[in-house]
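Undergrad: Take this sequence and fold it.
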Amino acid sequence: MASSLLHCSDKLPFMNVETILHMKEGLDENSYAQNSSLQKRGMDTLKSLIVNSATDVYISQMPERFTVADLGCSSGPNALCLVEDIVGSIGKIGCRSSQPPPEFSVLLNDLPTNDFNSIFFSLPEFTDRLKSAAKSDEWGRPMVFLSGVPGSFYGRLFPRTSVHFICSCSSLHWLSQVPHGLFDETNMPINKGKMYISSTSPDSVSVAYWRQFQRDFSLFLKSRAAEVFPGGRMVLAMLGRQTGDCVDKRTTFLWELLSESFAALVSQGLVEQDKVDAYNVPFYAPSLEEIEVEVRLEGSFSLDYVQTYEINLSSSGDAKEDGRTVSMAIRAIQESMLSHHFGPHIVDALFHKYTELVTESMEREEVKSVQIGVVLSRL
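TA: Down below sits the predicted model:
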């Protein structure tokens, strides 16, 4: 993601998104690696779409080297799941047709602050699974070469015309920066008490977020257009909306609860209200129509498929368990930004309250999120 600054007063720290935003590193109980089951569920929802799209590209081109890029790969066990499935699917095709499988070049991308080490620590297990498949000749003994590519996907990452297939899961709802326009002419925040679009936000807040999404997604498409072979494909999965209204409960609900958690900390004297008012997240959940418009305007890709999927976050039926799962996942995602802006000392208290609020909500009703799946072909 491109770098940016969080607009705030002189008393508050600047936040460069590219150097601050990252999932919680390591393997401890608060890490993203231990708290990414919700993302895995989203990936599984679209797994067949992703694997089939990659396989179709291979069949149409039959290259000797097939290059796959995962943008926003993050860290932990999810990072190599889709790669393994793609290698397996294409390898089986070679076996059935008596063709040797291609060599696979796998490019794992995320921001420079990502915990790439935790991915590479899992390589021996990944390699063992490939060797097991090779012994059975199930996949035709593929050669897989993995590389880490740190950098923002809101800009060029790879050489021109070098990638056959790109996937990106749970990443493109993160913007390159907090939008401009969230402070008035006197440098006062206009979305006080909220960190994202809400029912109480002025219209100018949703407009600011929408315009930032337009700039970012257009740049993303332009950058990938230079890198993807003609006939190559991208499958993108991101949080989104099923309606044109930016205040879609399934998109804003968890943000609202986080704002309520901060209000509780303010009332206890643990956080200053000014800091809460100045905190805005670099996030936007687009609608289907907003995605379609940007693809059409950029013009380098055909839109082959776009669909919304509901994901039930209350899936176990145990509100306490589900509430903790959601809260820990949000903490693993948000902690780097929250610690930078407010200081690490507030994180435990914040998510103790957040877990309570999420659990109470799940006791009353099912809590769902919306994911958008998009398939694009390079013209």
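
Undergrad: Identify the residues contacting the spatially most central residue of the chain.
TA: For the chain, residue 171 is the residue whose C-alpha lies nearest the centre (C-alpha atoms, centre = their mean; 1.9 Å). Counting by C-beta atoms under 8 Å, 6 or more residues apart in numbering, residue 171 touches 71-72, 74, 153, 238. Using the backbone N, CA and C atoms, a C-beta is placed for each residue, glycine as well.

Undergrad: ditto for residue 322
TA: Contacts were defined as C-beta under 8 Å, 6+ apart; by that measure residue 322 touches 313-316, 359, 362, 367.

Undergrad: which one of those is nearest residue 375?
TA: Distance ranking of the contacts of residue 322 against residue 375, using C-beta to C-beta, places residue 313 first at 25.1 Å.

Undergrad: pretty sure residue 177 is touching residue 211, no?
TA: No - applying C-beta atoms under 8 Å as the test, residue 177 and residue 211 come out as separate, 11.6 Å apart.

Undergrad: tell me the SS of the residue nearest to the centre of the chain?
TA: Here residue 171 is coil, with the state taken from DSSP: H, G, I helix; E, B strand; the rest coil.

Undergrad: I'd like the distance between it and residue 128.
TA: Spatial separation of residue 171 from residue 128 under the definition C-beta to C-beta, to the nearest Å is 28 Å.

Undergrad: hmm, back to that, mind putting the contacts of residue 322 into JSON lines with secondary structure, distance to residue 227 and neighbour count?
TA: Formatted as JSON lines, these follow (DSSP: H, G, I helix; E, B strand; the rest coil; distance: C-beta to C-beta, whole Å; neighbours: other C-beta atoms under 10 Å):
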{"residue": "313", "secondary structure": "coil", "distance to residue 227": "34", "neighbour count": "23"}
{"residue": "314", "secondary structure": "coil", "distance to residue 227": "39", "neighbour count": "20"}
{"residue": "315", "secondary structure": "coil", "distance to residue 227": "37", "neighbour count": "16"}
{"residue": "316", "secondary structure": "coil", "distance to residue 227": "40", "neighbour count": "12"}
{"residue": "359", "secondary structure": "helix", "distance to residue 227": "44", "neighbour count": "18"}
{"residue": "362", "secondary structure": "helix", "distance to residue 227": "42", "neighbour count": "21"}
{"residue": "367", "secondary structure": "coil", "distance to residue 227": "37", "neighbour count": "22"}
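
Undergrad: Widest-spaced pair of those residues?
TA: 315 and 359 (14.4 Å).

Undergrad: Format the contacts of residue 171 as a markdown table; extra columns: pLDDT.
TA: Compiled in a markdown table, the contacts of residue 171 are given as follows (pLDDT from 0 to 100):
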| residue | pLDDT |
| --- | --- |
| 71 | 97 |
| 72 | 93 |
| 74 | 86 |
| 153 | 97 |
| 238 | 96 |
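
Undergrad: how about those residues, which pair is most distant?
TA: 74 and 238 (13.6 Å).

Undergrad: so what sits against both of the two?
TA: Applying C-beta under 8 Å, 6+ apart, one finds that residue 74 and residue 238 are jointly contacted by 170-171.

Undergrad: Looking at the two now, which is surrounded by more residues?
TA: For residue 74 versus residue 238, neighbours defined as other C-beta atoms under 10 Å are more numerous around residue 74 (26 against 23).

Undergrad: Isn't the more buried one up against residue 108?
TA: No - taking C-beta under 8 Å as the definition, residue 74 is not a contact partner of residue 108, at 9.4 Å.

Undergrad: Now do the strands in the stretch 251-379 of the chain.
TA: Using DSSP state E, counting those that start in this stretch, the strands assigned to the stretch 251-379 of the chain run over residues 301-312, 368-378.

Undergrad: Could you point out which of the ones you listed sits nearest residue 102?
TA: Taking C-beta to C-beta as the criterion, strand 368-378 is the member of the strands of the stretch 251-379 of the chain that comes nearest to residue 102, at 18.4 Å.

Undergrad: From the chain's centroid, how far away is that closest one?
TA: 12 Å (C-alpha atoms, centre = their mean, to the nearest Å).

Undergrad: so how far is residue 347 from the residue nearest to residue 316 when sequence neighbours are not counted?
TA: Closest residue to residue 316 in three dimensions, ignoring its sequence neighbours and counting by C-beta to C-beta, 6 or more residues apart in numbering: residue 322, at 5.3 Å. Distance, residue 322 to residue 347, by C-beta to C-beta: 21 Å.

Undergrad: Pull out the buried residues from stretch 98-111.
TA: By neighbour count, and taking 16 or more other C-beta atoms under 10 Å as the criterion, the buried residues in stretch 98-111 are 101-102, 104-111.

Undergrad: what do you get for stretch 221-238?
TA: Judged by neighbour count (16+ other C-beta under 10 Å), stretch 221-238 contains these buried residues: 221, 223-225, 227-229, 232-238.

Undergrad: now, the most widely separated pair of these?
TA: Farthest apart among the buried residues of stretch 221-238 by C-beta to C-beta are 229 and 238. That separation is 23.3 Å.

Undergrad: Can you name the element that comes right after the least confident helix or strand in the chain by mean pLDDT?
TA: Taking mean pLDDT, DSSP states H and E as the measure, helix 17-20 is the helix or strand of the chain with the lowest mean score, a mean of 78. Reading on from helix 17-20 to the C-terminus, the next helix or strand found by DSSP states H and E is helix 37-61.

Undergrad: tell me the mean pLDDT over that following helix?
TA: Rounded to a whole number, the mean pLDDT of helix 37-61 is 90.

Undergrad: Now do it: which elements does it pack against?
TA: When contacts are defined as 3 or more C-beta pairs under 8 Å, 6 or more residues apart in numbering; DSSP states H and E, helix 37-61 packs onto helix 81-97, strand 163-169, strand 228-239, strand 301-312, helix 319-342, strand 368-378.

Undergrad: any chance of those in a markdown table, with distance to residue 146 too?
TA: Output for the helices and strands packed on helix 37-61, formatted as a markdown table (distance: least, C-beta to C-beta, whole Å):
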| stretch | distance to residue 146 |
| --- | --- |
| helix 81-97 | 8 |
| strand 163-169 | 15 |
| strand 228-239 | 19 |
| strand 301-312 | 26 |
| helix 319-342 | 23 |
| strand 368-378 | 23 |
